[in-house]
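[1] Have a look at this fold, sequence not included:
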């Protein structure tokens, strides 16, 4: 930045900068952030074990000795890790989805499109069928296969000499199909008495297995992938104009697209590894974000992330409180997500892809 | 073609290009575009005009031959359908991409330059309107403003008037002329309308299907014989006087006899 400033320093401007400014919803990001904090606190109170807001806050910030042991266990080892894992997943998925829709110039694209979710799901199912149960075996397996799926898609698109974003999508669909089939095969062959219920339950996604370790793992990955994505937001705007236009404006299109794709894939693989596949968040939330703040990714990405965290937290609270048993989160997001998506799909047809 | 090197903005030597091996778009193409002048590129559909522009911009590499360009070039593509509804100001700011760091956003200075470009083209009132809601003529001006803020010395336009009505065509042609005369930019544009080349260009490059190109001053190249031969339909040039200057009008003979 400094260089360009000094290049222009010699120029003089006759007029002061009194150009019309647009009114942007600047308050939205802080408001959403506060809402999310409140929602996290409220989520700590939801569940079979009754807690008051006062007890929850006291447990979180009070001295060790003065807090009831049961309260501490419920909040610190069950509800707080779970709420944080849900929020991280929702934020990252919505962020990843918004970035992917921009890069692929396609409103129907989600973070799942690369085949990474399928790869990570297969890795998780494989680990479960091999007898791993806790996060220690499952997470590395799932994460590795998710990343492996992207490598496969990359190799495939290179073999096909496809440089376009469409070629990448096709490669991702092929890889996703392959891992989907493999997952189906393992599920089909799994012992229905012992292994199958666990497999099916995991595939539909659940945050019930949240631990301090899985939260730390996902938080680290979310930071490592989310911050560069938000940093690249303005470049994403240009990339969303299309390859040739972006290249003419001086962008290294292919490199930038791969950077975004790798960041998204890393996050998706990690998210599936800790909580199983959660669909629709990354597809639907960015549309909501675009309706609120327009297409500028510099605002769309943070707003989508906050909305995604809020949405998924609400879904998870419903999933564990609506009925006596827990509803798989993937089921909740799909049941609520599909009609919402259908609504946008119908509404966006014929009007182009605009923000009003 | 005896221009000294520093007078040349873009030059191509023995350029050849194909998309599918064997199907040459053009071969042995030579040209040399002088700095600070307006150059029109004419030719039939499919003769490779847009391809040539993309080679000049460095977006495509010639299969044979060499291209020389010493200054930054900005591109105004044919009107494209934007998917996202960025404001005109946001669109113009994207022209600053080369001067904005990978993880940065446009600064106040970038914003002021964008406003100035919009003001210069008389469309500052469109700054906060979504690009997707503008008319074809307005969009073209926004994209032209985007090219201007890049501070490129060479402006390359691909059929800039193809989607515009007569009044907007005239407006854009006037803008092109003033960008060359007043701002000293080298302007290169493709067109299907030789009368536009007559109106605004200093030099003309005509690309023909057999790969040969005719280039030179606009009056030498755009003759009745050349135009009739290239377009395969009879063309007349009519001289008339306007404000004491001799001008040329181009008339296409549509009648059968």
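    Looks like it came in fine. Remember, predicted model here, so these are calculated numbers, not experimental data.

[2] mind listing what's buried in stretch B:135-148?
    Of the residues in stretch B:135-148, B:137-148 count as buried by neighbour count, 16 or more other C-beta atoms under 10 Å in any protein chain shown. C-betas here are computed from N, CA, C, even on glycine.

[3] who touches residue 195 in this structure?
    Using chain A. Residue A:195 makes contact with A:128-129, according to C-beta atoms under 8 Å, 6 or more residues apart in numbering or on different chains.

[4] actually it's chain B I care about, not the one you picked
    B:249-250.

[5] need the helices for the stretch 1-150 of chain B, in chain order.
    Using DSSP state H, counting those that start in this stretch, the helices assigned to the stretch 1-150 of chain B run over residues B:49-57, B:88-93, B:108-120, B:136-149.

[6] can you put those helices in a markdown table and add mean pLDDT and distance to residue A:211?
    What follows is the helices of the stretch 1-150 of chain B, written out as a markdown table (pLDDT from 0 to 100; distance: least, C-beta to C-beta, whole Å):
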| stretch | mean pLDDT | distance to residue A:211 |
| --- | --- | --- |
| helix B:49-57 | 95 | 54 |
| helix B:88-93 | 95 | 43 |
| helix B:108-120 | 95 | 46 |
| helix B:136-149 | 93 | 51 |
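
[7] so residue B:175 touches residue B:143, yeah?
    No. At 11.9 Å, residue B:175 does not count as touching residue B:143 under the criterion of C-beta atoms under 8 Å.

[8] want to throw the buried residues of stretch B:135-148 into TSV with distance to residue B:127?
    Compiled in TSV, the buried residues of stretch B:135-148 are given as follows (distance: C-beta to C-beta, whole Å):
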residue	distance to residue B:127
B:137	16
B:138	12
B:139	14
B:140	16
B:141	12
B:142	9
B:143	14
B:144	15
B:145	10
B:146	13
B:147	17
B:148	14
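
[9] Residue A:147: which of the helices of the stretch 1-150 of chain B is closest?
    Of all the helices of the stretch 1-150 of chain B, it is helix B:88-93 that lies closest to residue A:147, at 34.4 Å by C-beta to C-beta.

[10] residues in the stretch 201-350 of chain A within reach of chain B, list them.
    Residues of the stretch 201-350 of chain A that fall close to chain B, judged by C-beta under 8 Å from any C-beta of the partner chain: A:228, A:231-235, A:237-238, A:240-242, A:244-245, A:247-251, A:290, A:294-296, A:298.

[11] out of all of them, which helix in chain B is the longest?
    Longest helix of chain B, by residue count under DSSP state H: helix B:166-181.

[12] what separates it from the chain centre, distance-wise?
    Centroid separation for helix B:166-181 versus its chain: 11 Å, with C-alpha atoms, centre = their mean, to the nearest Å.

[13] For it, which helices and strands make contact with it?
    strand B:38-43, helix B:136-149, strand B:154-157, strand B:186-190, helix B:194-200 (3 or more C-beta pairs under 8 Å, 6 or more residues apart in numbering or on different chains; DSSP states H and E).

[14] which residues sit against it?
    Against helix B:166-181 from outside (C-beta under 8 Å, 6+ apart): B:36-38, B:121, B:136-137, B:140-141, B:144, B:148, B:155, B:157, B:160-161, B:164, B:185-187, B:189, B:196, B:199-200, B:202.

[15] in terms of contact, does residue A:231 touch residue B:103 like I think?
    Yes. Between residue A:231 and residue B:103 there is a contact under C-beta under 8 Å: 3.8 Å.
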